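Participant: missing the sequence, but the structure's below:
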């Protein structure tokens, strides 16, 4: 049986994860219901971040933008670059990029846990309820695909790809 570890598999999984992540960014992510006021708001991940910025919550909006949008996107782009034969970079750069991706993979599921804690915390209260929507599951799928992509990289063959240094 052929090994699943291959940079072509890793690059393909990373590309699929990037596409799924893009869908997750614009899909309905959470609904907040304020029972007393009869308010019902649904936000996508990007929509929620834009709303935070619009209402002056710059710090929280920036944190979410960095760690829920920019960080996973850049991690997947780095994985695609370090595993693609079409990128003319040195093998040392490929190894460094993969090391950064592997190091950050440990924290990939942290976003999902934060959302889960937020939903549970709001369900305990009587004033507001938060419900997770399809975007959370799509986001989780993208994160799982990115972890699978990182785990299929064939480190030994990275040295043979790219230009020598």
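Facilitator: Cool, got the structure. No experiment lies behind these values; they were computed from the predicted model shown. Residues are numbered from 1 along each chain as shown.
Participant: chain neighbours aside, what residue packs nearest to residue 8?
Facilitator: Excluding the flanking residues, the one nearest residue 8 by Cβ to Cβ, 6 or more residues apart in numbering is residue 83, at 7.6 Å. All C-beta atoms are positioned from the backbone trio N, CA, C, and that covers glycine.
Participant: what residues sit buried inside the longest helix seen in the chain?
Facilitator: Identified as the longest helix of the chain according to DSSP state H is helix 7-26. Neighbour-count burial for helix 7-26, counted by 16 or more other Cβ atoms under 10 Å, picks out 7, 9-11, 13-18, 20-21, 24-25.
Participant: packing partners of that helix?
Facilitator: On a contact count with 3 or more Cβ pairs under 8 Å, 6 or more residues apart in numbering; DSSP states H and E, helix 7-26 meets helix 45-54, helix 71-83, helix 134-151.
Participant: can I get those helices in TSV including mean neighbour count, mean pLDDT and distance to residue 116?
Facilitator: Shown next, in TSV, are the helices and strands packed on helix 7-26 (neighbours: other Cβ atoms under 10 Å; pLDDT from 0 to 100; distance: least, Cβ to Cβ, whole Å):
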stretch	mean neighbour count	mean pLDDT	distance to residue 116
helix 45-54	17	92	15
helix 71-83	21	91	17
helix 134-151	20	92	9
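Participant: run a quick neighbour tally on residue 106.
Facilitator: 9 (other Cβ atoms under 10 Å).
Participant: so which helix or strand of this protein has the lowest pLDDT on average?
Facilitator: The least trusted helix or strand in the chain, going by mean pLDDT, DSSP states H and E, turns out to be helix 110-124, with a mean of 71.
Participant: and the helix or strand following that helix, what does it pack against?
Facilitator: Using DSSP states H and E, the next helix or strand after helix 110-124 towards the C-terminus is strand 128-132. Counting by 3+ Cβ pairs under 8 Å, 6+ apart, the packing neighbours recorded for strand 128-132 are strand 28-34, helix 110-124.
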